[in-house]
Structure formats: structure tokens, C-alpha cells
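Student: I would like to see how this sequence folds:
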Amino acid sequence: MSHQKIVVTGIGATSPLGGTARESWDALLAGESGIRSLEHDWVSQYEIPVTFAGEAKVAATEVLARPTAKRLDPSSQFALVAAMEAVADAGDLNVEPERLGVDWATGIGGVWSLLNAWDTLRERGARRVMPLTVPMLMPNAPSAAVSMHFEARAFARTVASACASSTESLSNAYEHLQSGLADVVIAGGSEAAIHPITLAAFNSMQALSRRNDDPATASRPYTTSRDGFVMAEGAAALVLETEERALARGARIYAELAGGGVTADSYHITANDPEGRGASRAVELALAQAGATPDDVTHINAHATSTPVGDIAEYTALRTVLGDRVNDIPVSATKASTGHLLGGTGALEAIFTVLAIAERTAPPTINLVDRDPEIPLTVSGERQALSDGPQLAISNSFGFGGHNAVAAFRSV
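Tutor: Prediction:
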């Protein structure tokens, strides 16, 4: 099997920072925060201890036609919004339906549809449960929605590996294109899990920040005062195809998806391996698939969730692979601005990574109020210019269950 360059020709996103990929990127570069107090009756009704999150800046229902939105869980709504933007951005794909595939991801799936149906059952009886409940709650619903909208018939696959999900979907898309299973793949991930039960549950395991008095500064990776991640929602999508095909149709190419690495810690259901062994192997695999060495890395979009143990475990993993040089590579920890989109976060950060190397700019990491001396990375509250010459950036995602996924991107 011949090796081909796989390139990114379209991007789309809806996030706490903006309703499109470009709006999200511009807000990120401006140092804005997408984290706000929640203005829902259920916050006080259920006495939710954490009263803030990163809700999508633009509701999907403002973008989609009402009949379409009504048949989809919010996670599928976000997926369709991001994918529509990405496909429009890519231009005329000119691809047969049987050669168009979807590699999508979610960490939790249609939690709102599931729990709304449970409420209906308890309060109004079985006959009032909506017939579309199962198609709306199933984790593959976002992938199916994207597939049906674009008549993508090569495949419509779903990854559910917690917070590593959509980075894993990119790795899968790379392999599916290399193996000739499709000519074009729409890859990405979505999540809509800002719900009383998820906030209460994550809070019970002491995973969430509790800075209710100042939500915008709650996500603060690499600081000594970090106290947990911030829940967020949204989606991101990338259109991927071979470079040969993209050039033939005159497409704009953002960057090359040079490789991916997927591993498992097999250590603990929620905690990172403190030695970062699975994470470091994922980085090594991504670089190997890219035909790159640790010395080639010029930028890192870190997973950096702002948890006390997670941030330092990732640093340990990076140092294992990159050595002392890791401290000199420009790093961005963009969850400080966006919060954590769970299954959608890897795809959103992949877009940020692609734009960083395309525009030679590492976005700022906000809320660096008290740097942790145990994590001496080159990370800044201001945007950082990337070096001249070829760029090779990695984007890291790690999830509950010990899932690790890393994507490598190269400038074109």
C-alpha cells in the first residue's frame, strides 16, 4: 500500500468562544474566555455545587432549521453545525457518496435525550415517551446525522473513548484514507453534556473547578492553584483527503495530518498513569507515523485540563519523549479559554493546532496567575510566534479509562 499525504481542506466548529471555527480562533487569539455562570433554573433547583460551564456561544437551534433540530439531541445538533461549516469551507468536494466517510466521536452521547425521556416516563407515563428517543440518545447519532445530511455512504463510524475520542477519530480517518476505504472523510467530535447529573457526578469525584465566584479564571492549567476542569460543550469537524486529490480539485490546504497515535494506560478507570507511559507512547506513535523525530516538533497543543494530577502527568510524558527540549517548545493550553468539551475537545484543539501552524502563531494560554514550577514549559498569556521553516505540531488528548490519542500536523 502506497503512503499518501493526508491534508486538511475544511474546518468547522461551534464552541464556547464562537459559532464558527474562525470566530472561535479569533476569540482564542484575543485571550477571551468562553466560561460563564449558568442561568438555568435547575442549578438552584438541584443545588448543583458548580454553577458555571462553557456553554456554546451560539445555540445550534439558531443555525439549524427547526424541524431538523427537533429530531436531534443537542450533541447531534452541534455535530451537524460543525460539519456543515467544514464541508462548505472545503469547497466542491466532487465525491461519490460511496467514497465519502464519517469518522465521528462523542464521550457521552445523547445524555439530554436519555434523561428527558426518563423524566417523561416518571412524570407522564410510558405512552408519552417520544418515539425518537432511542435514535436521539444513541452515541452514534451524531455520526449518523452527519452521514445522512451529506449522503456519506462509505462508512459512518463512532469512537467513544472519553476525552480522547475525537483525536482518536482523526487517527482513524488517517488510516481509513491511507487504506483507500474512502476518498474524503469528515472527522470530528461533539458533546452536549452540561446537565445537572453530569455536573453533579463530576463534582462528586472532585474533578471540576469550584470557582463559582469567577468562572472566567476557573480553568487555569499549569498554575499551583488549579483545582479541576471546567465542563464545556460544542463540536468541531475537519474535512480530510489525500493531497493529490485536494490539489487536483484546486482546494485550499490548511495543513497535513501527518499521523496519529492511540494507546491505553491500563492503569486506572479515571486517574492518569503518573509516569505518563501510555501518553508518551501515543506521542511516539504519532511522530513515527508522521516520519518525524522529537527534534522536529515546533508546537504543542496540550491536553492540559487544569487538574492537579493531569497537567503534571502530561508534562512527564512529554519530557519522556522530547527530553529537555520540551521546555523550549511553544505550548498552548487552550482549555483555559474553552473549557473541556469532553469528546469534542480533541477535534476543536486539532483545528486550533492546524491554524497555529498555518498562521505561525501559538495561541495564548489565559489565567497563568501562579505558574507551577514543576511544569516549566514555554507557555504564555500572549500569543507566541512560531519559528520560521517547517512546522510539526502535536495535539494531545487523554481520557477516563486510560485512553490516549495524539495527532501530528505538518505545515504545507
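
Student: For the rest of this, base every contact and every neighbour count on C-alpha atoms.
Tutor: Will do.

Student: Could you list which residues are in contact with the most centrally placed residue in the chain?
Tutor: In the chain, the C-alpha nearest the mean C-alpha coordinate belongs to T345, at 2.0 Å (Cα atoms, centre = their mean). Contact partners of T345, counting by Cα atoms under 8 Å, 6 or more residues apart in numbering, are C163, S166, G189, S190, A235, A236, S397.

Student: If we use 7 Å, what do you get?
Tutor: C163, S166 (Cα atoms under 7 Å, 6 or more residues apart in numbering).

Student: Report the secondary structure state of it.
Tutor: Following DSSP: H, G, I helix; E, B strand; the rest coil, the label given to T345 is helix.

Student: now it: how far from A154?
Tutor: From T345 over to A154 the distance is 25 Å, taken as Cα to Cα, to the nearest Å.

Student: next one: S387
Tutor: Distance of S387 to A154, computed by Cα to Cα: 39 Å.

Student: Comparing the two, which residue is more hemmed in?
Tutor: The neighbour count for S387 versus A154, taken as other Cα atoms under 10 Å, is higher for A154 (19 against 14).

Student: Quick check: that one touching G180?
Tutor: No - between A154 and G180 there is no contact under Cα atoms under 7 Å: 10.4 Å.

Student: Just the element for the closest residue to G276 other than its chain neighbours, please.
Tutor: Excluding the flanking residues, the one nearest G276 by Cα to Cα, 6 or more residues apart in numbering is A317, at 4.5 Å. Secondary structure assignment for A317, by DSSP states H and E: helix 308-322.

Student: State the next helix or strand along the chain beyond that helix.
Tutor: Toward the C-terminus from helix 308-322 - assigned by DSSP H and E - lies strand 330-332.

Student: Could you please name the strands that following strand pairs with and the direction of each pair?
Tutor: strand 299-301 (parallel), strand 378-379 (parallel) (DSSP bridges).

Student: most neighbours per residue, which of these?
Tutor: Highest mean neighbour count among the strands paired with strand 330-332 (mean count of other Cα atoms under 10 Å): strand 299-301, with a mean of 25.

Student: for this protein, which spans come out with low pLDDT?
Tutor: 1-2 (pLDDT under 70).

Student: Report the separation between V262 and V406.
Tutor: 7 Å.

Student: In terms of packing, which of the two has more residues around it?
Tutor: Taking neighbours as other Cα under 10 Å, V262 and V406 compare with V406 leading, 33 against 24.

Student: G291 versus the more buried one, what's the distance?
Tutor: Relative to G291, and taking Cα to Cα, V406 is found at 15 Å.

Student: in this protein, which spans are helices?
Tutor: 21-29, 41-45, 66-70, 74-90, 111-124, 133-137, 141-150, 165-178, 196-204, 243-248, 277-289, 308-322, 335-338, 345-358 (DSSP state H).
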